[in-house]
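# one predicted model, sequence on top.
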4 protein chains.
Amino acid sequence: MSIKAGILGATGTVGQRFILLLSAHPQFTINALGASARSAGKTYEETTKWKLSSDIPEEVKGMMVKNCVPEEFKECDVVFSGLDASVAGEIEMSFLLADLVVFSNAKNYRRDPTVPLIVPTVNASHFDLIAHQRKLHSLRKGFLVTNANCSTTGLVVVLKPLQDAFGPLESVIVNTLQAISGAGYPGVASLDIFDNIVPYISGEEEKIEWETLKILGGINEARSAFQLLSETKVSATCNRVPVLDGHTECVSVKFKRRPPPSVEEVVKVLEEYVSDAQKIGCYSAPKKAIVVSRQDDRPQPRLDRDSGNGYSVTVGRVRECGVLDIKFTLLAHNTILGAAGSGILNAEIALAKGILVVDDH
Amino acid sequence: MSIKAGILGATGTVGQRFILLLSAHPQFTINALGASARSAGKTYEETTKWKLSSDIPEEVKGMMVKNCVPEEFKECDVVFSGLDASVAGEIEMSFLLADLVVFSNAKNYRRDPTVPLIVPTVNASHFDLIAHQRKLHSLRKGFLVTNANCSTTGLVVVLKPLQDAFGPLESVIVNTLQAISGAGYPGVASLDIFDNIVPYISGEEEKIEWETLKILGGINEARSAFQLLSETKVSATCNRVPVLDGHTECVSVKFKRRPPPSVEEVVKVLEEYVSDAQKIGCYSAPKKAIVVSRQDDRPQPRLDRDSGNGYSVTVGRVRECGVLDIKFTLLAHNTILGAAGSGILNAEIALAKGILVVDDH
Amino acid sequence: MSIKAGILGATGTVGQRFILLLSAHPQFTINALGASARSAGKTYEETTKWKLSSDIPEEVKGMMVKNCVPEEFKECDVVFSGLDASVAGEIEMSFLLADLVVFSNAKNYRRDPTVPLIVPTVNASHFDLIAHQRKLHSLRKGFLVTNANCSTTGLVVVLKPLQDAFGPLESVIVNTLQAISGAGYPGVASLDIFDNIVPYISGEEEKIEWETLKILGGINEARSAFQLLSETKVSATCNRVPVLDGHTECVSVKFKRRPPPSVEEVVKVLEEYVSDAQKIGCYSAPKKAIVVSRQDDRPQPRLDRDSGNGYSVTVGRVRECGVLDIKFTLLAHNTILGAAGSGILNAEIALAKGILVVDDH
Amino acid sequence: MSIKAGILGATGTVGQRFILLLSAHPQFTINALGASARSAGKTYEETTKWKLSSDIPEEVKGMMVKNCVPEEFKECDVVFSGLDASVAGEIEMSFLLADLVVFSNAKNYRRDPTVPLIVPTVNASHFDLIAHQRKLHSLRKGFLVTNANCSTTGLVVVLKPLQDAFGPLESVIVNTLQAISGAGYPGVASLDIFDNIVPYISGEEEKIEWETLKILGGINEARSAFQLLSETKVSATCNRVPVLDGHTECVSVKFKRRPPPSVEEVVKVLEEYVSDAQKIGCYSAPKKAIVVSRQDDRPQPRLDRDSGNGYSVTVGRVRECGVLDIKFTLLAHNTILGAAGSGILNAEIALAKGILVVDDH
């Protein structure tokens, strides 16, 4: 089977990652590339400032870049969007209304009450709302799903099994150390981050604090609405650090349950966690959604970001917190699990669940 | 007046900073340099791998390095110790017992119930215990004072005015992003920190959690014992980041007082804080012990670490915390205020208070 | 005496350096700041992304930024231009024709046969052409002088005494390792230079190869034309490296003289070099135009770039070259001696020579 | 077929790379690991500070580390040595005399007139001297081959086809920008290389200048001696730069042939170069030994170092040199082609040539 994939925002950093992942993927074939009017009509190689250390796949180099309009992508079984938020809203909606399947990395529809916000190793169950979404827009096969913000992603992967095992979380304090690739290209100026930390990323803290509540929340019985967590408080502080790839997050958690779980219980639950994406047997699903390190000084971005081909979250330093209950440090690859990879793994889940339907070509 | 200063551990990174600061200081003259037996008997220039961007001061280059024994430093009015903890315990005690004045950056005596642990812009009042210390050891003029761990230092400077103004703190969660210079030389291997974060610094979290309680605590009426804070919980997470100088700390605070102070009240108190070191008019005391930045993206190590010649702490992003009460980000220069500078400013305070006595030479 | 100085391109990285240097300068007062229409009418603090680790000088923060038109700068005794080449040509010419004195860091007029290209510690004698330039444009006191490209600057400072002492150079091969600050702000994207080298800087090699011939060349007897070196071949290769400030250059030189000078003779000549700027006693002239290091592993950007307050060039590793005659490594501060500092020191020379005339105000 | 491989110095950075490459290699099986007495008797995982971003291969984690004595490695068909030069001399000789096959990355025997110094994509023909070497030491199957210094390696790969096509080289000037991984672990202190260049690497320039002459030289008719190039002058300058992996080299070349080849002729020769390792069809031989980039700003370490799985050399910026004839910039992966990979590919060649004999086990 070969699923025809289109990529919107194909020349950007997330788009480049989509291309690399899809090019090596056994189920997908890259069928169409979309970018801004400035790039449309040129070959991909010609118009792209490629920034990944693996080369542009040969079959992609000569592909013509198209405008991001539904007609140009109508043959695609699925469209992955790495569009910038400034244009993603309008374009993705036009694709949805054209009955296309869109997996978006943009923030525009994450808070939409009819659009699932899915981290593939966390809340695959939220695909249950797609039927409702299709009905709303009178679609036959199209739908729109977004993945989460890159820093939200790592966090919820670890919080999910804790919530499942120990009940609702009272509060979460998270401090991030985020890689420069998260800002795209040209993104962070070298003069800003060289020998430096920037203790602020616009809009990022709000995303973590809100998205966590949707992703870890449930769905109503009618499968028509998301039920956001109402009892959990999340407080985020985000920093940009001079690291290429891999977001590190220092997390303290307080459980509602008294007494709270012990460090050993928490480690056990994290180590034993198996997500739906793994159970289904998705191609990109990592062997372990969470890798727990027992070494004092791990996770480290350079050593751990490629764990599970970038789809695993590595957790270390699980220990008691003197203020809340438990604290730990986690690391997730921000452009794989935290961006393009989530979109692709979400598509694999949708395919396995029969939600993503591939027409005979 | 010229106060004769000795420096122990003079060839190390803290020792180098002592040399640079004292060399440009109007009150002190560098009189003696001590280092390990391997360096003793050589000129300073010959035996030192100098790592600061300002050159070795001319008058120091040719000085002979001595062994770290009291006889070699008996002419010194004050001795600053940048010794490694592995040797500081024994050497500093021998200096104290020889009736010498020692300001130590080492951790060995920080928890000693008879040794003040003083951050100069925080708890100069702890010098009150020196009389008791002298009595214990039958000293005429000698005494021993330590400064705090580099990451504790920035934290307590900001917590002090908050505690003064709003009463006891319920809890503090602090996440640090610490510069490589904090680990000395050769210290952090480039292969460990390049394109990387190390989420662990041995012993550092315990230092922050414990030292804070002593520094922000009081002294009993008899001036013979420290009263550690017993009601405040501190939880620290420490990271090494690829930054040369300047420790960044992301802090969340909960007050006991209900309702807690507002963001505006907190900012006002921080902006108006004047430490004893400033009131006394010490030479190295910064114009402002705390500089509050209103810009979203400050403090930044490269831009703010030299504020107040490295003696100010810069605070930014003061805002509400969704879990505790207030959160903010602070930055302190780890080898100036966080190490050598604290020792020197402590000595200036001791001089002004008449505790450090300079004999006629 | 206070010389009123204007700064064009005041919000850029070179402009910021002009402000810092002039603000601490005993002879100059910052009188007017010019920038693009986008900034004009705003206060300097409000419109500038300040990127230097020393703060914006207090007296400059509130100054209103003006448009870069001569009328706005007519009170200025001297105007320093840090303008981008895309606009410098027209603006600087309009200032010159308005009889203003312009010291430009832009490349536009460097090749102009009537405009001196002066590195202050190299070819102050080229000011002799100003009378001719004034005559050409019928100017009373105005004139235009440019300084050299940042990487040319360090090179010619070291070649000048060699040429003076040993006669014409046969050939020069230079490889540069240039700092990111040389590209301005936002300049080099962090994704481009992080864990990376960029082996190309547009137009840079041509600048080094050509400018060297003009700077090290002479002037005809009539003082109306520059005589470019015709016998010296220069081959440059330029790299961008992840260093904040300070351009490193590895140089091999072949002399026409046979036998060539020895390493010792070369070192001696470099150590004894005294430039005109020093002889005249200019305020910013470094004690030594060239600092020769005898240590194997110097110069290093972080340790040596501030030598002579950024006005000295540090040379090390002087040794025989197995292909040409002599090779060495040099380091110059690219935004001080290599940019803004050259302009200011050039103005000091012009003042001392009576070419820059300060009217009574 | 499975060739039993031993690794000496297995815990070091080169040893780690040997493990990673051999673990994924279809022809070799890791059979024995040797390290210092401090590590011997411990499991590999327990005693190693692993620094590569791919994890320790599972089958290696639990292997017991042995002492570096021949008896412990007698079952090995081939032994790869990543030993430090301080111990490699004695150990490798004892292995050779025990009739073992040794491929060494150490410098100790590179200048030995009976030991081939082989860069696999350059001078596989030097294996012809092995018969002579065996005779000298009365060996049946054992022999010793070294690979070149990491910075020599990239250079000779590019010079080889130029020399083959255009005749002897008159002179070569090379400036290197070398990655930190070349110095091993802990190697370069972060305080030394952070925001810095170190313009000196002990012994490195001499290695490039000498090794090039042996590698690009011939063998006498009796196959008993190497004929070093006598007419080619090489001048090297070596810098350490803040890059993780990948040595960049800026090279200028002068040919003896007049007129010299044009840029186009040089590019053509480089693009068409096929090394013996490729012709033989070795597993690790890259598709192209030399990849020529036509983009102005390539090669770049982060983007090009993994070209050909780290076995290709990327060349860019081929252009005329104003002093010598032709200049260009090359990049080679210093721990793959420049170290462990060369050893492995050399072994593959020896196997194909029937020099490395695998006994029935």
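Sure, I can see it. Keep in mind that what you see is a predicted model, and the values were worked out from it rather than measured.

# going forward, measure contacts and count neighbours with C-alpha atoms only.
Fine.

# could you pull out the helices in the stretch 251-361 of chain A for me?
Applying DSSP state H, counting those that start in this stretch to the stretch 251-361 of chain A gives helices spanning A:263-272, A:276-280, A:301-304, A:341-352.

# so which of those helices comes closest to A:Cys238?
helix A:301-304 (16.2 Å; Cα to Cα).

# what mean pLDDT does the closest one get?
Averaging pLDDT along helix A:301-304 gives 97.

# quick revisit: let's have the helices of the stretch 251-361 of chain A in TSV, adding distance to chain B and mean neighbour count.
Below are the helices of the stretch 251-361 of chain A laid out as TSV (distance: least, Cα to the nearest Cα, whole Å; neighbours: other Cα atoms under 10 Å in any protein chain shown):
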stretch	distance to chain B	mean neighbour count
helix A:263-272	16	16
helix A:276-280	29	17
helix A:301-304	5	24
helix A:341-352	22	24
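
# I'd like the ones you listed as a markdown table, with distance to chain D appended.
Shown next, in a markdown table, are these (distance: least, Cα to the nearest Cα, whole Å):
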| stretch | distance to chain D |
| --- | --- |
| helix A:263-272 | 18 |
| helix A:276-280 | 21 |
| helix A:301-304 | 4 |
| helix A:341-352 | 19 |
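
# got TSV for the ones you listed, with distance to A:Val253 too?
Shown next, in TSV, are the helices of the stretch 251-361 of chain A (distance: least, Cα to Cα, whole Å):
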stretch	distance to A:Val253
helix A:263-272	11
helix A:276-280	24
helix A:301-304	22
helix A:341-352	25
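
# quick one: closest of the ones you listed to C:Gly89.
Nearest to C:Gly89, of the helices of the stretch 251-361 of chain A and by Cα to Cα, is helix A:301-304 at 46.5 Å.

# for that closest one, give me every contacting residue.
Residues outside helix A:301-304 that contact it (Cα atoms under 8 Å, 6 or more residues apart in numbering or on different chains): A:243, A:245-248, A:314, A:331, B:195-197, D:51-55.

# please pick the buried ones from these.
A:243, A:245-248, A:314, A:331, B:195-197, D:51 (16 or more other Cα atoms under 10 Å in any protein chain shown).

# check pLDDT for those residues and point me to the minimum.
Among those, D:Lys51 has the lowest pLDDT, at 89.

# regarding that one, what are the backbone dihedral angles?
phi -120, psi 10 (degrees, to the nearest 10).

# could I get the phi/psi values of A:Val122?
According to degrees, to the nearest 10, A:Val122 has phi -130, psi -60.

# that one contacts A:Val156, correct?
Yes: counting by Cα atoms under 8 Å, A:Val156 is a contact partner of A:Val122 at 7.0 Å.

# between the helices of the stretch 251-361 of chain A, which gets nearest to A:Ile201?
Taking those one by one with Cα to Cα, helix A:301-304 is closest: 19.1 Å.

# first-to-last residue distance for stretch A:124-132?
Stretch A:124-132 has its terminal residues 16 Å apart, counting by Cα to Cα, to the nearest Å.

# that older thread, pick out whichever of the contacts of helix A:301-304 sits closest to chain C.
B:Asp195 (7.2 Å; Cα to the nearest Cα).

# next up, the contacts around the closest one.
Neighbours of B:Asp195 in contact, by Cα under 8 Å, 6+ apart: A:242-244, A:301-302, B:242, C:195.

# chain A: strands as residue ranges?
A:3-8, A:28-35, A:65-67, A:78-81, A:101-104, A:143-146, A:169-178, A:218-219, A:226-227, A:233-240, A:247-255, A:290-292, A:313-320, A:326-332 (DSSP state E).

# now chain A against chain C: closest residue?
A:Ser190 (4.0 Å).

# quick one: the nearest residue to that residue once chain neighbours are set aside from A:Ser104, how far?
Setting aside the residues directly before and after it, A:Ser190 is nearest to C:Ser190 in space (Cα to Cα, 6 or more residues apart in numbering or on different chains), at 4.0 Å. Plainly put, C:Ser190 is 26 Å away from A:Ser104 if you go by Cα to Cα.

# about what we covered before: quick check, nearest of the contacts of helix A:301-304 to B:Ala277?
So of the contacts of helix A:301-304, ranked by how close each gets to B:Ala277 (Cα to Cα), first place is B:Ile197, at 35.4 Å.

# just checking, the closest one touches B:Arg240?
Yes: assessed by Cα under 8 Å, B:Ile197 is found in contact with B:Arg240 at 5.8 Å.

# thanks a lot, see you next time.
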